[in-house]
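J.: kindly return the folded structure for what I paste below:
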Amino acid sequence: MQIYMVGGAVRDRLLGRPVNDHDWVVVGATPEQMLAQGYLPVGRDFPVFLHPDTREEYALARTERKSGRGYRGFVVHTAPDVTLEEDLSRRDLTINAIAACADWTGAGAVFDPYGGVQDLEARVLRHVTDAFREDPVRILRLARFAARFTDFTVAPETMALMREMVAHGEVDHLVPERVWQELARGLMEAQPSRMFEVLRECGALQVLLPEVTRLWGVPQPPLHHPEVDTGVHLMMVLDMAARLQAPLTVRFACLAHDLGKGTTPADILPRHIGHEERSAALLQEVAERLRVPVDCRETAEVVAREHGHIHRSGDLGAGPLVRLLERCDAIRKPERFAEVLLACECDARGRLGFEEASYPQRPRLLAVLAAMQGVVTREIAAKAAAKGIQGPQVGELIHQARVEAVAQWLRTAQTAKSSSTPSTA
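T.: Have a look, this model is predicted:
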């Protein structure tokens with residue numbers, strides 16, 4: 001039995017990046033031997049075991065043979081005579097097909113039969129063997145690595161191979177859960193736009209998210225969108241979300257906020273009248289198709305529907321402001337509302353020349369929410385009940401009290417602004 005460190009841990013140490021977890025391959029062992037040493041079996045499709053002390057995963061060296069379409073269509077073979085080189089040959093990228101001895105600390109020789117170290121130095125994402133074409137998930141993984149390793153390029157032969165895979169229909173057989181898993185990971189990388197650029201270049205984005213693909217080439221009103229192209233704007237918004245360290249809910253909302261612009265009638269371009277409602281409807285289709293988690297779906301729906309109103313909220317009075325926050329369900333879900341505002345800031349700053357701009361709508365609307373939260377609804381309901389008022393009338397009384405509270409806040413804020421403005425007399 002020989003144990004090797006493989007994959008991301010070796011790659012990241014060679015790159016000088018932090019190592020968060022380890023992958024291990026065991027050569028020359030049987031499942032029975034692993035069990036005898038106290039390892040716990042966890043693999044469903046192939047023999048993977050948890051170390052009895054560290055609980056890290058140890059996989060028996062294996063080979064794979066394609067048996068059907070999609071990423072599940074494989075027959076896995078494990079045996080003591082499967083070599084380390086054979087195991088590494090089934091991996092996706094050369095930079096992930098490097099192995100080292102179990103006690104390797106980053107210095108000394110590594111086992112690198114497919115040139116992964118050279119590709120690390122050249123900053124290239126390259127497939128290991130032609131077996132890459134057998135698993136369409138590898139297209140998503142490569143795109144995700146492009147978003148993580150922002151100075152790496154995709155090898156031309158690998159891009160050509162991915163295009164062939166798309167043309168042959170391999171991407172059509174990806175299951176929704178796996179697509180969402182990889183997209184979610186990519187959205188959380190350092191430069192999410194690179195994931196979508198790679199997927200678009202190889203044609204996979206058209207299969208997986210045609211609603212997003214349609215945005216490239218769609219003109220934007222130049223007054224507020226100097227970058228003009230809607231697809232370019234979307235990529236800038238995603239990268240701004242990463243810059244502001246937004247959570248996944250916000251980043252998915254940024255991805256979906258302008259989907260409706262891809263269906264704007266040609267005769268009204270470059271205006272996008274009604275795109276918010278169309279975006280919300282398309283978002284629901286995407287969320288159903290990819291089985292997006294509820295929290296991501298709900299935040300994205302509010303952003304798609306209301307981001308235009310939030311951008312223009314600086315001109316609103318007390319009544320419209322309260323109605324806006326009520327539509328956003330801000331009182332009941334203040335944490336989600338804060339994420340909605342962050343997504344709107346990403347949208348506003350994801351434009352050429354606006355990257356360093358402030359977004360006063362965000363603190364202003366949070367202050368409006370605080371004023372609304374200061375209304376004690378329990379007392380209003382009790383007074384209404386004493387007068388025999390009930391049902392929708394109570395809700396209207398609460399609404400009016402919130403409008404009055406916001407109006408008072410607006411007056412106070414205006415007075416403070418006036419007093420801080422230097423006199424020109």
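
J.: tell me the buried residues in stretch 77-90?
T.: For stretch 77-90, a neighbour-count test (16 or more other C-beta atoms under 10 Å) marks Thr78, Val82, Leu84, Glu86, Asp87, Leu88, Ser89, Arg90 as buried. Backbone N, C-alpha and C define where each C-beta goes, glycine included.

J.: how about stretch 282-301?
T.: For stretch 282-301, burial by neighbour count (16+ other C-beta under 10 Å) applies to 282-284, 286-287, 290, 292, 296-301.

J.: what's the first helix or strand after the least confident helix or strand in the chain by mean pLDDT?
T.: Ranked by mean pLDDT, DSSP states H and E, the weakest helix or strand in the chain is strand 74-78, scoring a mean of 71. Counting by DSSP states H and E, the next helix or strand C-terminal to strand 74-78 is helix 84-89.

J.: distance from the chain centre to that following helix, please.
T.: The chain centroid and the centroid of helix 84-89 are separated by 32 Å, computed with C-alpha atoms, centre = their mean, to the nearest Å.

J.: past it, which element shows up next along the chain?
T.: Using DSSP H and E, the helix or strand that directly follows helix 84-89 along the chain is strand 99-101.

J.: if we can go back for a sec, among the buried residues of stretch 282-301, which ones are in helices?
T.: Judged by DSSP state H, helices contain the following of these: Leu282, Leu283, Gln284, Val286, Ala287, Leu290, Cys296, Arg297, Glu298, Thr299, Ala300, Glu301.

J.: measure the fifth one to Ser193 for me?
T.: Ala287 is 21 Å from Ser193, where distance means C-beta to C-beta, to the nearest Å.

J.: any chance you could map the helices in the stretch 1-150 of the chain?
T.: With DSSP state H, counting those that start in this stretch as the criterion, the stretch 1-150 of the chain has helices at 8-15, 31-36, 84-89, 116-122, 137-148.

J.: tell me which strands and helices the second one is in contact with?
T.: Of the remaining helices and strands, those touching helix 31-36 by 3 or more C-beta pairs under 8 Å, 6 or more residues apart in numbering; DSSP states H and E are strand 40-41, strand 48-50, strand 57-60.

J.: take those and write them to JSON lines, including mean pLDDT and distance to Thr129.
T.: JSON lines is the format used below for these (pLDDT from 0 to 100; distance: least, C-beta to C-beta, whole Å):
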{"stretch": "strand 40-41", "mean pLDDT": "91", "distance to Thr129": "29"}
{"stretch": "strand 48-50", "mean pLDDT": "92", "distance to Thr129": "22"}
{"stretch": "strand 57-60", "mean pLDDT": "92", "distance to Thr129": "19"}
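
J.: got those strands as a markdown table, with distance to Val403 columns?
T.: Listed next are the helices and strands packed on helix 31-36 as a markdown table, based on distance: least, C-beta to C-beta, whole Å:
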| stretch | distance to Val403 |
| --- | --- |
| strand 40-41 | 61 |
| strand 48-50 | 58 |
| strand 57-60 | 57 |
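
J.: pipe those into CSV and attach mean neighbour count per row.
T.: CSV is the format used below for those (neighbours: other C-beta atoms under 10 Å):
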stretch, mean neighbour count
strand 40-41, 12
strand 48-50, 20
strand 57-60, 20
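
J.: those strands: which one's closest to Met159?
T.: Among the helices and strands packed on helix 31-36, the nearest to Met159 by C-beta to C-beta is strand 57-60 (29.2 Å).

J.: tell me how far that closest one lies from the chain's centre.
T.: In this view, strand 57-60 has its centroid 29 Å away from the chain centroid, taken as C-alpha atoms, centre = their mean.

J.: now swap in stretch 353-367 and tell me
T.: The answer for stretch 353-367 is 22 Å, by C-alpha atoms, centre = their mean.

J.: can you point out the buried residues in it?
T.: Buried residues in stretch 353-367, counted by 16+ other C-beta under 10 Å: Phe354, Tyr359, Gln361, Arg362, Arg364, Leu365.

J.: contacts only, for the first one.
T.: Okay, so that is Phe354. Ala348 (C-beta atoms under 8 Å, 6 or more residues apart in numbering).

J.: over to the third one?
T.: When contacts are counted by C-beta under 8 Å, 6+ apart, Gln361 touches Ile310, His311, Ser313, Gly314, Leu341, Cys344, Glu345, Ala348.

J.: please tell me how far it sits from Met240.
T.: Distance of Gln361 to Met240, given as C-beta to C-beta: 15 Å.
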